[in-house]
Each structure stands twice: as structure tokens, then as C-alpha cells.
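Enquirer: quick check, what structure comes out for this input:
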Amino acid sequence: MSAHAVCQLTSELIRIPSESSTPTGTDASAPERAVAGRLLDFVTAHGMAGGLREVQPGRWNLEARLPRPGAPRVLLAGHLDTVSAFGMSEPFAGAVSGGDILGRGACDDKGPLAAACVALASLVGEGRTLAYDITLLGTADEEAGMLGAKAWSAGGADQDLIVALEPTKLCPVVAHKGAYRCALHTTGRACHSSQPERGSNAITGMLGALAAVQALGAELAAMRDAGLGTPTMTLTGISGGTAINLVPDSCRAQFDIRLIPDSDPAWVAARLRELAGPGVVVEDIFAAPALRRIAPRHGLDQRLARALSRHGVDGGETVAPWCSDASFLQARGPCLVWGPGRIEDAHTRDERIAVGELERAVDVLRTFLTD
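Expert: Numbering: from 1, shown residues only. Alright, predicted model coming up:
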């Protein structure tokens, strides 16, 4: 298989829109279906058994297998969806410029996923003996609610190592933060602002709730993880009122809370409700636990480090402040996050991935999977 096959596949995947929020060119009724179908065609054409699974109406996972009974089990998992391409000039061109492939999903996550597919396809095509029992997973909805990872974790097989494919500059991320996102709602009674005593101001009620929940922020700030630091609690939006001369009858405030392993999302949600008080409705939007560092079995992390070193990559382990499908995939075994590309380029208007790094990722995977 040509060394440029990974670039060709990455560009092709970029040209298939799969936005899971605010779509600009994606079929919103089935955001991942087209890209999942193309990857299914690719893996089956290269000797892998695969299929699609609808995890919720219109939301599809891809799963392919290269079984080797009795060998350590390794899962390679990337996500099929992207964030919105809103504001990009040519998000789905997949063009190559200055040694980079451009477009929505280039590094997050179509390039990393293409690298895994091409590495496996090339090994199968060469008749190479794989060292592991391998599952390739493409998940739906990572950028929103992680539906695909949750569904697979609920019914998938236990693994000896799970590699969640994300842009990490080829450095293994062994732990990352979790997240809890919510919205607070207060209600009041509208009236003309010239007689405010006749109504009840929902914004005033929200101000009291916001003051009360600051205690949670202080409690989280007192926690600390040696690698990940402290949890953070950020007020990211507040809205209320419709006219300058009308007492508002509703107000909404939203929080993004980033968590370490010892700050459980369920505890955070319960504590927030307790502090906000009975007059405030707390809407749960998203919750994902932090990725805990757990050493892979059979020395698989050391084997990956050797493969990285062989191809000139500093395999030093690191941690990250963001979260990924690994939050849920870790339920099935030791998990790390790894892949080509820079997280700094993800979600940007000029998202890109370096051709050289894509090709090196294929080389690393080929060495690791035949170690």
C-alpha cells in the first residue's frame, strides 16, 4: 500500500461532512452514516470483517475485527463526527497545502482514524502476523454526548489496551480531565418595570443562586491531582429578560466544570443542586468521568513506547485538560489517548494535520501491532 494512502483516505473522509452540531453541510438526520459507510467499504475491501451499529436513531458506530484468539486484546477507537464547520471557507475540500491537509476533521478525528485504518489494511495486505486480537471502532457523537463510546462500552468486550485516537502529537496521554456541564434555571413573574413590586425578578433570583454555588467552586479548587492539577468551574453563559422595561420571568446560566479522577460527576451534580436551593432547576447537559491512569496489561504501554522510539518519536507520557471518548471506553480496560495532529488545530477555522505526521503514525502503528 502506498505511503500516501493515509493522506488520500484522510482527504476523502474530510470531503464527507459529519458535523454532530450546527451542521453546515451534513445530513442532520444521520451525521455519521456516510463516513461510517465509506470506512466500512475500506476495511472490508482490505480483508477485515466489519459492520455498522445504530446506537441511537440516525447515529452509527463502525466496528471491524482482526481476531487472534488468545492474544492480548487491543482496541483502536476514533470518532466519526466533527464539530461544526461554521465560519470555515472550504471546510470539506480536503486540500493539501504546505505539507498539511486542510479541512474540518483533519486532525479531529479523521486523520488519526485514517492512520489506524491504513496501518491495519497495509499489514493485512502484506500477510503480516499481528501480535494482538484487534478491534477497530469508529464512534458517533464524541463531540457532543459521546453516545457511540457509551454504547460500545455497555456491550463491548474487555480489552488489554484501548487506544483512543485523538491529536496528541504522537505522545501518549495517560490521563485527562472529565467534565460536567449544566444549566441553572430560575423563574419569576413578569410585570412592567415601573412597578417592579408587582412581579418577581428571575435574574435577581439567579444572582442569589450564582453566589451560593460559588462554594462548590471553592471546594473543587481545594482538590488536586498530581498530574492534572485542580478541577475548574467556569460560568460560560447567562441570559434572561426580553425588554428593558419588563421585569424578567426567566433566567438561564450555564457552567462547564472540568474534573479530576477524585471529583465524581454525580457528586458534583448533587452538590450543585444542594447549594442552588429548591427554587432553582438544574439541567444536566453532559457528564463524563476523568480518564484514570491504569497500566496496560502485558506491557503494552512499553511496546508502544518502543514503537514510538523506533520511529524517532519521544514517547514520553503526558496528561490533558480536555476529555475524550476514553472517559467511557476505560470501562472496558486500560486506556490511553494517542494520535497524529495537534489539539491546538482542532475546532479552528483552519484545522489541519501534517502529512509527515500522518505517515509516521502509520509507521508507529505497523510496528506496534506486529511487535
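
Enquirer: drop to CA atoms for contacts and neighbour counts, all remaining ones
Expert: Noted.

Enquirer: and stretch 327-341, C-alpha only, in CSV?
Expert: Only the C-alpha atoms of stretch 327-341 are listed here, as CSV (Å, rounded to 0.1, in the frame of the first residue of the first chain):
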residue,chain,number,x,y,z
SER,A,327,-13.8,8.7,29.6
PHE,A,328,-16.3,5.9,28.8
LEU,A,329,-14.0,3.4,26.9
GLN,A,330,-11.9,2.9,30.0
ALA,A,331,-14.8,0.9,31.5
ARG,A,332,-13.5,-1.9,29.2
GLY,A,333,-9.8,-1.8,30.1
PRO,A,334,-6.7,0.3,30.5
CYS,A,335,-6.9,3.3,28.2
LEU,A,336,-4.7,5.9,26.8
VAL,A,337,-5.2,8.7,24.1
TRP,A,338,-2.8,8.9,21.2
GLY,A,339,-2.6,10.0,17.6
PRO,A,340,-1.2,12.4,15.0
GLY,A,341,-2.0,16.1,14.9
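
Enquirer: quick one: that stretch to chain centroid distance?
Expert: In terms of Cα atoms, centre = their mean, to the nearest Å, the centre of stretch 327-341 is found 10 Å from the chain centre.

Enquirer: quick check: mean pLDDT of that stretch?
Expert: Taken as a whole, stretch 327-341 has a mean pLDDT of 98.

Enquirer: all helices for the chain, in order.
Expert: For the chain, applying DSSP state H gives helices covering 5-14, 33-45, 111-125, 147-155, 202-221, 265-276, 300-310, 326-329, 355-369.

Enquirer: other SSEs contacting the longest one?
Expert: In other words, helix 202-221. If you count contacts as 3 or more Cα pairs under 8 Å, 6 or more residues apart in numbering; DSSP states H and E, helix 202-221 packs onto strand 178-187, strand 232-240, strand 250-259, helix 265-276.

Enquirer: can I get the ones you listed in TSV including mean neighbour count, distance to Ala164 and mean pLDDT?
Expert: Shown next, in TSV, are the helices and strands packed on helix 202-221 (neighbours: other Cα atoms under 10 Å; distance: least, Cα to Cα, whole Å; pLDDT from 0 to 100):
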stretch	mean neighbour count	distance to Ala164	mean pLDDT
strand 178-187	22	15	98
strand 232-240	15	24	98
strand 250-259	22	19	98
helix 265-276	16	21	98
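
Enquirer: adding distance to Ile343, write these out as JSON lines.
Expert: Below are the helices and strands packed on helix 202-221 laid out as JSON lines (distance: least, Cα to Cα, whole Å):
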{"stretch": "strand 178-187", "distance to Ile343": "17"}
{"stretch": "strand 232-240", "distance to Ile343": "20"}
{"stretch": "strand 250-259", "distance to Ile343": "17"}
{"stretch": "helix 265-276", "distance to Ile343": "24"}
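
Enquirer: now for the ones you listed, which one comes closest to Ala211?
Expert: Nearest to Ala211 among the helices and strands packed on helix 202-221 is helix 265-276; the distance by Cα to Cα comes to 8.8 Å.

Enquirer: what is the closest one packed up against?
Expert: Applying 3+ Cα pairs under 8 Å, 6+ apart, one finds that helix 265-276 contacts strand 178-187, helix 202-221, strand 281-288.

Enquirer: now that helix, how far from the centre of its chain.
Expert: Put simply, helix 265-276 sits 24 Å off its chain's centre (Cα atoms, centre = their mean).

Enquirer: same check on stretch 253-261?
Expert: Worked out by Cα atoms, centre = their mean, stretch 253-261 lies 16 Å from the chain centre.

Enquirer: so what are the domain limits for the protein?
Expert: Listed domain ranges for the chain are 5-177+290-369, 178-288 (source: automatic domain parsing).

Enquirer: kindly compare burial across those and name the winner.
Expert: Mean neighbours per residue, mean count of other Cα atoms under 10 Å, is largest over the domains of the chain for domain 5-177+290-369, with a mean of 21.

Enquirer: quick one: which of the helices of the chain is nearest Ser21?
Expert: That would be helix 147-155 among the helices of the chain, by Cα to Cα, at 13.5 Å.

Enquirer: starting at the chain centroid, how far to that closest one?
Expert: Centroid separation between helix 147-155 and its chain, computed with Cα atoms, centre = their mean, is 13 Å.

Enquirer: and stretch 85-96, by the same measure?
Expert: Put simply, stretch 85-96 sits 20 Å off its chain's centre (Cα atoms, centre = their mean).

Enquirer: what does stretch 186-201 give?
Expert: 42 Å.

Enquirer: quick check: end-to-end length of it?
Expert: With Cα to Cα, to the nearest Å applied, stretch 186-201 spans 9 Å between its terminal residues.

Enquirer: residues in contact with that stretch?
Expert: The contact list for stretch 186-201 (Cα atoms under 8 Å, 6 or more residues apart in numbering) reads 202-203, 205-206, 244-252, 279-281.

Enquirer: hmm, back to that, and the helices of the chain as a markdown table, adding distance to Asn61?
Expert: Formatted as a markdown table, these follow (distance: least, Cα to Cα, whole Å):
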| stretch | distance to Asn61 |
| --- | --- |
| helix 5-14 | 15 |
| helix 33-45 | 7 |
| helix 111-125 | 13 |
| helix 147-155 | 6 |
| helix 202-221 | 35 |
| helix 265-276 | 25 |
| helix 300-310 | 26 |
| helix 326-329 | 14 |
| helix 355-369 | 22 |
